[in-house]
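1. Give me coordinates for this.
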Amino acid sequence: MTEALRQEHQGVVRPVLALFRPYRLRVAALTVTIVAYALVGVAVPLLTKVVFDRALFPESGEPRSGLLVVLVLMMVVLIAAGGALAIVQAYLASRVAQSAMHDLRDRLYGHLRQMPMRFFTGTKTGEIQSRLANDVAAIGVVASRSAPRALSSGIVIVASLVVMIVLSWQLVVVMLPVFVLFGFVGHRAGRERRVLALETQETLAEMTSITQETLSVSGALLGKAFDGGANAGSRYGTESLRLADLEVRQQMVARIRIGLVQTSFLLGPALVYLGAGLAMSRGVTGFTPGLLVAFTALQVRLFAPLREILEATVELHAAAAPFERVQQDLQLVPEITDAPGARALGPDSVRGAVAFEGVWFRYGSDGAAPGSVGEARGWTLEDVSFAVEPGQLVALVGPSGAGKTTVTYLVPRLYDAVRGRVTIDGVDVRSIRLASLGELVGMVTQETYLFHASVRENLLLAKPEATDEELEAACGLALIHDRVAELERGYDTVVGERGYRLSGGERQRLAIARAILKDPRILILDEATSSLDTAGERLVQAALRPLMQGRTTIAVAHRLSTIVAADLILVLDRGRIVERGSHAELLARGGMYAAYYAAQFGHVPPEPLAAA
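-> Numbering: from 1, shown residues only. Down below sits the predicted model:
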């Protein structure tokens, strides 16, 4: 084995073995079972030699029926014991492997959830799903099937070779060409299989991405509205055809080489008989019928474990690529984490004062999405400073791309400021535990995300221990209870993928009910009504009033009618606050806000806004 191949094996084997450390006792029991199974397998051919040489064809010339019966009964017991051990071995191997795979999946899932927004904006959802499904499954093949079989086969091979050498080392020498061929074939097959496996995993990831993008509700609507899904179907068909070709090539690589080894081993007994015959013709003694039968039985028995070793080597190579991908993901460092000494702030002890102190932010510089609009043009936020007193409503206004939504992202630490700081009650948000911060801040965004689950399950995300009375009270305040009650199963009705069984306004009111149930001290509203019609907007605005009552609220708004009563309005343009004040003050100033207001309500032409 070359040095590169040895390092390649270690790069996969060591991390895989590390997965089994918590299950040392089970692995020890599995090892004992494997050793016992191997010894039983070797004992049967040895008994066969005794049957031939001492019971069927003894030196006395007469068969010894009594001894024959005893020996046959012993063989039956050993064969039955071998079958039972095989079953126990399969169960232990499966149990240990699946426990380890559960740990790996759970660890990978939990680690990916800690990744910054940059990871999710820069990685296809289908690729993430492929890591958790296809890549872990490929590793599971090695852990549950290849590794146990390789260990068992290795022990059988060693035990068989030892017995064969004891029986006749001369005949073992005759078999050396077969072992050389096996080693060469295994090496070549593994290298080719790994290349094909990497291409296969990449193709599976692309197919998963296409499926996730085109067979979701949004993707299906987009496809039907434009090309009827023809383009997506063509892409999927191309990748599927590529996958089929790769699978055929992988199977052929393995089968051709296994076929060569099988042919060699089927010729093995003939080589043994030829070697024994030539030796006996030259006067060499000791080649009894029992020895030849036992030797050829052991030789034929070697084929199965050697084939298992070959397949395990091929599968190990195949698993190297997905395991490396999983390892790369596990080595990603979460950029938004609890700082050393971070403290928890209970909702009851927080007043809700929010302040931005000289905040600068740029996508890509702190782990945000590289290649974004913000990174391409420079700073997304430049020297942003403002303060929100407890219970106040602060509105963020400005053209698209001005940085309004980015401001809201920095409060719950979806991203961190590059310069300056964001504080809650004077405490830097980077000094607050993330779990605690999640309890303090609630968000209602323009695009409401609902899981494909029941109304009740979607609401319980905010407060898992909430009672039915609390759910109904929250929905009542959000003006959605009556609509939920009309559904066929009430609160147990499944809302569908992304909530598509509900209208846009109904989804928003359900999101508001979820926020009411959470009862955050700080509320962020990111264009919560901009995509609704007039009737839906009025209902959502009415639902927002009880939610905003007594809370510190930061609202992003395109429709100025929703924020005329705000305590403070901040006008952003190209990442800077260009105006601040109340609605009346900003109108009187006649600046950008006044032009923006006039453009919406038609009092003056909108040209000043366009010029701004």
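2. Next, find the distance separating the residue nearest to the spatial centre of the chain from Tyr236.
-> Closest to where the C-alpha atoms of the chain average out (Cα atoms, centre = their mean) is Leu132, at 2.6 Å. Distance, Leu132 to Tyr236, by Cβ to Cβ, to the nearest Å: 21 Å. C-beta coordinates here come from the backbone N, C-alpha and C atoms, glycine included.
3. cool, Leu316 as well?
-> Note on Leu316: its distance to Tyr236, by Cβ to Cβ, is 31 Å.
4. how far is the helix or strand hosting Ala137 from where the chain is centred?
-> Assigned by DSSP states H and E, Ala137 belongs to helix 136-141. Computed by Cα atoms, centre = their mean, to the nearest Å, the chain-centroid distance of helix 136-141 equals 12 Å.
5. which parts of the helix or strand just after that helix are buried?
-> Next along the chain after helix 136-141, taking DSSP H and E as the criterion, comes helix 147-167. Residues of helix 147-167 classed as buried: 147-157, 159-161, 163-164, 167 (neighbour count, 16 or more other Cβ atoms under 10 Å).
6. now do stretch 479-498
-> So stretch 479-498, judged by 16+ other Cβ under 10 Å, has buried residues Leu479, Ile480, His481, Arg483, Val484, Leu487, Tyr491, Thr493, Val494, Val495, Arg498.
7. Quick check: the third one touching Glu470?
-> The one in question is His481. No. Using Cβ atoms under 8 Å, His481 makes no contact with Glu470, being 12.0 Å away.
8. just to revisit the earlier point, the helix holding Ala137 - contacts with which helices or strands?
-> If contacts are counted by 3 or more Cβ pairs under 8 Å, 6 or more residues apart in numbering; DSSP states H and E, helix 136-141 sits against helix 65-113, helix 289-330.
9. Take these and lay them out in TSV including distance to Val272.
-> TSV is the format used below for the helices and strands packed on helix 136-141 (distance: least, Cβ to Cβ, whole Å):
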stretch	distance to Val272
helix 65-113	22
helix 289-330	6
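10. that older thread, tell me the one among the buried residues of stretch 479-498 nearest to Ala584.
-> Nearest to Ala584 among the buried residues of stretch 479-498 is Leu479, at 29.5 Å by Cβ to Cβ.
11. now that closest one: how far from Ala511?
-> Separation of Leu479 from Ala511 (Cβ to Cβ): 12 Å.
12. Quickly list what's touching both of those two.
-> The contact sets of Leu479 and Ala511 do not overlap (Cβ atoms under 8 Å, 6 or more residues apart in numbering).
13. coming back round to it: which one's more surrounded, Leu316 and Tyr236?
-> Using other Cβ atoms under 10 Å as the criterion, Leu316 and Tyr236 rank with Leu316 on top: 23 against 17.
14. Where does pLDDT dip in the stretch 351-500 of the chain?
-> 364-377 (pLDDT under 70).
15. Give me the neighbour count for the closest residue to Leu151 other than its chain neighbours.
-> Once flanking residues are discounted, Leu151 sits nearest to Ile34: 5.7 Å by Cβ to Cβ, 6 or more residues apart in numbering. Ile34: 24 surrounding residues under other Cβ under 10 Å.
16. Could you check which helix or strand contains Ile34?
-> Per DSSP H and E: helix 24-50 holds Ile34.
17. Leu167 contacts Val293, correct?
-> No. Contact criterion Cβ under 8 Å: Leu167 and Val293 do not qualify, at 10.7 Å.
18. all helices for the stretch 301-450 of the chain, in order.
-> In the stretch 301-450 of the chain, the helices defined using DSSP state H, counting those that start in this stretch lie at 373-377, 404-410, 434-440.
19. Let me know which of those is the nearest to Leu306.
-> Leu306 lies closest, by Cβ to Cβ, to one member of the helices of the stretch 301-450 of the chain: helix 434-440, at 53.2 Å.
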